[in-house]
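> coords please:
(one chain, ligands or ions: 1)
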Amino acid sequence: MTIDINAAFDSGNIELVGISGDVVDLNIRHDAYSDFYQWFHFRAAGAQGRTLTFRILNAGGAAYAFGWPGYRARVSTDRREWRMADSDYADGVLRFTHRFDGDIAWFAYFAPYPMERHHDLIARIGACHGVSHRTLGRSLDGQPIDCLTLGTGPLSLWIYARQHPGESMAEWFVEGALEKLIDPGDAAARLLRDRATLHLVPNMNPDGSVRGHLRTNAAGVNLNREWHAPTPDRSPEVLAVRNAMDRTGVDWAIDVHGDEAIPANFLAGYEGIPSWTTAHGDRFYDYGRRLAARTPLFQTEKGYEKARPGQANLSMSTNQLAERFGAVSMTLEMPFKDHDPSPDPDHGWSPERSKALAHACLDTLAEVI
Ligand code: ZN
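A predicted model of the protein is given here:
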């Protein structure tokens, strides 16, 4: 049998370099009009009974090559459960191995969140009592930027995900958040719906998602560097969401991401914005401390360096929203690797745990608002 490698599907990304015996050599495609690449997603067929080694030859030139050590590729045979494959990284090459019981298996950087599932989510949650749906705008390829809104309270709370489309854990997080928020028996959800109006944008970058990009939209633009001045030509996705935020105001915001290098969950805030005050910052730090006290899935020791006074990058959404609205505005980062404080040797950080973290984040929001 000939091994067949294919990535011609939603969020597929791989190029076959060559096959020699049981070794399959591959490269990851760049995001369109961009140097970024790291997301991969492909299937290998015709391999029943064989053990294949896949080598990603251009891993060393990826956007965050320092994230490969300690990382393990995800593999699935049913496209529902994604397990970690034996993987290692050396000399600029990421290598992983899979023993094929059946004919075919799928491989990805992280458990994918396909656009079909996105539309199923919009249909399922949008049909629930008390939930309204709006199309905020269109992407460059013409896809809808969907927003689900629920709650009746005066505070304005925004959760938006997948500015960086390869960070698929972000949409799993939003799915978990929505499932909790519509639960009539959940006391924290009821409190949030009473005190706030919640706007959730599950996928800000559907074009990059379909195209199998790591970090950019159809024009190769990093949406999280556009928030100071989004344009219809470069970043209509950001323009649509920011305009909607201008109409509602923003009191609390969570921008959901994945991080290549740090094997833990963490928050980044808005240190360095021009209007920074200790009181404003303390509300962010207080949230992080409470979240860490609530769940072993969160910690506050590991994270990004803080910007120095006046040095915040206002093209990033978290800083822009903190400055523009005085919001408590947070970037949430989840790992592509396993979660070291509570590892799962089979699945690593996973869709299920992304959803569990969303529940803890909402429980903590209910506590602070
Ligand atoms: Zn990101």
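
> Domain map for the protein?
Domain segmentation of the chain under automatic domain parsing yields 4-108, 115-368.

> tell me the most buried of the ones you listed?
Comparing the domains of the chain by mean neighbour count (mean count of other C-beta atoms under 10 Å), domain 115-368 ranks first with a mean of 20. Where C-beta positions appear, they are placed from N, C-alpha and C, glycine not excepted.

> residue ranges with poor pLDDT in the stretch 101-250 of the chain?
The model of the stretch 101-250 of the chain has no residue with pLDDT under 70.

> At the contact with the ion, which residues of it appear?
Within the stretch 101-250 of the chain, the positions adjacent to the ion are 164, 167 by C-beta under 5 Å from the ion.

> hmm, 8 Å instead?
163, 164, 167, 170, 215, 224 (C-beta under 8 Å from the ion).

> can you name the two of these that are farthest apart?
With C-beta to C-beta as the measure, no two of these lie farther apart than 170 and 215, at 12.4 Å.

> anything in contact with each of those two?
Both residue 170 and residue 215 are in contact with residue 164, where contact means C-beta atoms under 8 Å, 6 or more residues apart in numbering.

> Next, the residue lying closest to residue 302 once chain neighbours are set aside: phi, psi?
Closest residue in space to residue 302, ignoring its immediate chain neighbours: residue 264 at 4.9 Å, by C-beta to C-beta, 6 or more residues apart in numbering. Taking degrees, to the nearest 10, you get phi -160, psi 170 for the backbone angles of residue 264.

> what does stretch 112-120 rub up against?
Contacts of stretch 112-120 (C-beta under 8 Å, 6+ apart): 10-11, 41, 143, 146, 162, 168, 171-172, 175, 202-203, 206, 209-210, 351.

> now, which of the residues you listed sits nearest residue 304?
Residue 304 has its nearest neighbour among those in residue 162, at 19.2 Å by C-beta to C-beta.

> Against residue 362, how distant is that closest one?
19 Å (C-beta to C-beta, to the nearest Å).

> got it, and residue 33?
37 Å.

> In the stretch 101-250 of the chain, which residue sits nearest the ion?
Distances between the stretch 101-250 of the chain and the ion by C-beta to the ion are smallest at residue 164, namely 3.5 Å.

> Pull the contacting residues for that residue.
Residue 164 touches 170, 205, 208, 214, 215, 222, 223, 224, 257, 258, counting by C-beta under 8 Å, 6+ apart.

> next one: the helix or strand encompassing the first one to chain centre, how far?
According to DSSP states H and E, residue 170 maps onto helix 169-181. Taking C-alpha atoms, centre = their mean, to the nearest Å, one finds helix 169-181 lying 11 Å from the centre of the chain it belongs to.

> Which strands or helices does that helix pack on?
helix 115-126, strand 155-161, helix 187-195, strand 196-201, strand 252-259, strand 328-335, helix 351-368 (3 or more C-beta pairs under 8 Å, 6 or more residues apart in numbering; DSSP states H and E).

> Tell me the residue of the stretch 201-350 of the chain that sits nearest the ion?
For the stretch 201-350 of the chain, C-beta to the ion, closest residue to the ion: residue 257, 3.4 Å.

> Quick check: that residue touching residue 170?
Yes: using C-beta atoms under 8 Å, residue 257 makes contact with residue 170 at a distance of 5.9 Å.

> Now for those two: what residues contact both?
Contacts common to residue 257 and residue 170, judged by C-beta under 8 Å, 6+ apart, are 161, 164, 334.

> how far away is the second one from residue 190?
Separation of residue 164 from residue 190 (C-beta to C-beta): 32 Å.

> One more: the first one?
Here residue 161 is placed at a distance of 23 Å from residue 190 (C-beta to C-beta).

> Stretch 296-311 near the ion at all?
No: using C-beta under 8 Å from the ion, stretch 296-311 never reaches the ion; the gap is at least 11.3 Å.

> Now that stretch - C-alpha only, PDB.
The C-alpha coordinates for stretch 296-311 follow below in PDB (Å, rounded to 0.1, in the frame of the first residue of the first chain):
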ATOM      1  CA  PRO A 296      -5.500  23.900  40.200                       C
ATOM      2  CA  LEU A 297      -5.800  24.600  36.400                       C
ATOM      3  CA  PHE A 298      -4.500  28.200  37.000                       C
ATOM      4  CA  GLN A 299      -1.400  29.700  38.500                       C
ATOM      5  CA  THR A 300       0.200  33.200  38.600                       C
ATOM      6  CA  GLU A 301       3.900  32.500  38.800                       C
ATOM      7  CA  LYS A 302       4.600  31.700  35.100                       C
ATOM      8  CA  GLY A 303       3.700  34.200  32.400                       C
ATOM      9  CA  TYR A 304       4.900  37.000  30.200                       C
ATOM     10  CA  GLU A 305       7.000  39.900  31.200                       C
ATOM     11  CA  LYS A 306       5.000  43.000  32.100                       C
ATOM     12  CA  ALA A 307       5.300  46.100  30.000                       C
ATOM     13  CA  ARG A 308       7.100  49.000  31.600                       C
ATOM     14  CA  PRO A 309       5.200  52.200  32.500                       C
ATOM     15  CA  GLY A 310       4.000  53.900  29.300                       C
ATOM     16  CA  GLN A 311       5.300  51.000  27.100                       C
END
